[in-house]
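A.B. asks: 3D model of this:
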Amino acid sequence: MGVEKKLADRARAISRLGLDMDVLYFNFERFFQGNEVAFFRRRGADRNRLLSALGRYSCISKHVDTDQYDLLVLRYSGGDLSLFSRFFRDNEGKIVTEHQTKELPEARTYKTTLVQKMITLGMEKYVGPRLIRRCAGLIANCDDVRVYELERAGVNIPSCSIPDGICVEDIPFSKSAPYKGTILNLLCLSTKFETWQGLDRVLAGLERYSSKRPFVHLLVVGDVFQKDLEFSSRLQYHANVKVDFLGRLYGRKLEEVFEGAHIAFGPLAMFRKDIRDGSAIKTREFTARGLPFVIGHDDPDLQGAQEFCLSISADDSPVNMDDVVEFAECVLRRDETSAFMREFAHERLDLKVKMKQMWDFLESLLPTKNVMLA
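C.D. replies: A predicted model of the protein is given here:
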């Protein structure tokens with residue numbers, strides 16, 4: 001659902017800008033007209049994961065006349081059989097791929113069987129660079145990823161870095177909860193806490209927390225691994241710490257968690273997939289909400305954001321909770337912090353800004369009249 005929401009948000013931004021760009025999502029067996037997004041699914045694609053990506057592109061060819069588009073912007077789906085599909089042969093020279101991560105390092109972090117991991121790594125290593133070489137351009141969400149993709153493909157095609165964005169208007173301005181200095185509510189949020197989220201760093205930091213004030217209450221929203229649950233059990237007798245695992249939350253229940261939070265944690269271990277600078281959707285949402293946060297990497301969009309963002313070391317060390325408490329007490333005493341964050345999000349992180357950057361890059365490739373984004 002995350003990719004679907006991201007494309008729907010992009011479609012709204014494109015519509016507001018008046019750009020001639022169609023947005024399609026090939027994953028669902030339905031057609032959705034709202035926000036100019038078309039959703040499709042190839043029947044039975046999930047029954048054979050090896051062929052599902054190939055089916056994605058054959059689905060595009062089946063439902064869309066790609067000749068009407070000057071450029072096709074495709075979210076990179078990994079090294080797979082799509083390279084050998086007719087779709088790539090027919091549209092060679094006008095495909096631009098989008099990359100969100102360094103695929104090989106991230107694949108090594110997946111919690112899968114050894115056989116599945118070897119197949120994924122083998123396909124990515126062999127097919128990925130060859131697919132990139134057939135593209136007209138490349139877009140990455142950070143310069144670290146952009147350079148990685150070009151180097152592994154051995155090409156110097158036109159490329160640019162555009163960090164992720166959000167529709168600020170669609171995100172509630174919940175602000176950080178009033179802080180009285182006695183209880184500090186921390187929030188860790190993810191659909192699933194992969195190792196690069198760094199939840200283990202937070203839990204290890206709580207174990208070492210020795211101050212008597214404030215009492216620290218950590219709320220964990222999302223699916224976690226068993227090892228994190230087992231580690232947290234060591235904290236149940238800690239006098240000044242409490243951890244609650246809430247699972248996945250949506251709607252009003254999630255909003256109640258946001259409204260009670262003082263400080264949130266963004267990704268703290270992106271270095272585990274060999275990324276030192278990057279952009280995360282959730283830190284952009286925290287910014288739009290007016291909720292200060294902690295991250296463990298460099299973010300090109302957050303330069304000059306020290307007023308509401310604490311950046312910690314990019315390593316395996318436990319989070320220093322005394323530093324987090326000091327940051328919280330400093331940032332939460334300023335009444336204007338949340339409003340400043342909201343304005344910051346409008347100016348730098350909104351998808352209208354990002355989609356305009358994308359359009360300018362595409363026009364630099366050729367005079368662009370119509371684009372398909374999928």
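
A.B. asks: how distant is the helix ranked longest in the chain from the center of its chain?
C.D. replies: In the chain, taking DSSP state H as the definition, the longest helix is helix 114-133. In terms of Cα atoms, centre = their mean, to the nearest Å, the centre of helix 114-133 is set 22 Å apart from its chain centre.

A.B. asks: now do stretch 213-231
C.D. replies: 21 Å.

A.B. asks: which parts of that stretch are buried?
C.D. replies: 214, 216-222, 224, 228, 231 (16 or more other Cβ atoms under 10 Å). For glycine as for every other residue, the C-beta is placed from the backbone atoms N, C-alpha and C.

A.B. asks: For Arg12, see how far away Leu24 is.
C.D. replies: Applying Cβ to Cβ, to the nearest Å, the value for Leu24 to Arg12 is 15 Å.

A.B. asks: picking up where we left off before, list just the nearest of the buried residues of stretch 213-231 to Ala269.
C.D. replies: Proximity of these to Ala269 (Cβ to Cβ) peaks at Asp228, which lies at 12.6 Å.

A.B. asks: Quick check: phi and psi on the closest one?
C.D. replies: phi -70, psi -40 (degrees, to the nearest 10).

A.B. asks: surely it meets Leu203?
C.D. replies: Yes. At 6.5 Å, Asp228 counts as touching Leu203 under the criterion of Cβ atoms under 8 Å.

A.B. asks: hmm, back to that, can you tell me what sits against the longest helix of the chain?
C.D. replies: With contact meaning Cβ atoms under 8 Å, 6 or more residues apart in numbering, helix 114-133 is reached by 78-83, 88, 97, 103-104, 107-108, 110, 112, 138, 149-150, 152-155, 157.

A.B. asks: now those residues: which count as buried?
C.D. replies: 79-80, 82-83, 88, 97, 103-104, 107, 138, 149-150, 152-153, 157.

A.B. asks: okay, now Val168: neighbour count?
C.D. replies: 24 (other Cβ atoms under 10 Å).

A.B. asks: Report the contact partners of it.
C.D. replies: 288, 342, 345-346, 349-350.

A.B. asks: Go again with 7 Å.
C.D. replies: By Cβ atoms under 7 Å, 6 or more residues apart in numbering, Val168 lies in contact with 288, 345-346, 349-350.

A.B. asks: Next one, pLDDT for it please.
C.D. replies: The confidence metric pLDDT takes the value 95 at Val168.

A.B. asks: again, but for Cys135
C.D. replies: 91.

A.B. asks: Any figure for the gap between it and Leu74?
C.D. replies: Counting by Cβ to Cβ, the gap from Cys135 to Leu74 is 9 Å.

A.B. asks: among the contacts of Val168, which ones are buried?
C.D. replies: 288, 345, 349-350.

A.B. asks: tell me which of these is nearest to Cys142?
C.D. replies: Leu349 (13.9 Å).

A.B. asks: where's Val324, which helix or strand?
C.D. replies: Using DSSP states H and E, Val324 maps to helix 321-331.

A.B. asks: Secondary structure element holding the closest residue to Met355 other than its chain neighbours?
C.D. replies: Excluding the flanking residues, the one nearest Met355 by Cβ to Cβ, 6 or more residues apart in numbering is Ala13, at 4.7 Å. Assigned by DSSP H and E, Ala13 belongs to helix 2-17.

A.B. asks: so what does that helix touch, helix or strand wise?
C.D. replies: On a contact count with 3 or more Cβ pairs under 7 Å, 6 or more residues apart in numbering; DSSP states H and E, helix 2-17 meets strand 21-26, strand 37-40, helix 351-365.

A.B. asks: same thing but at 6 Å, please
C.D. replies: strand 21-26, helix 351-365 (3 or more Cβ pairs under 6 Å, 6 or more residues apart in numbering; DSSP states H and E).

A.B. asks: Which strands or helices does whichever strand or helix holds Arg146 pack on?
C.D. replies: Secondary structure assignment for Arg146, by DSSP H and E: helix 143-153. The contact analysis (3+ Cβ pairs under 6 Å, 6+ apart) places helix 143-153 against helix 114-133, strand 159-161.
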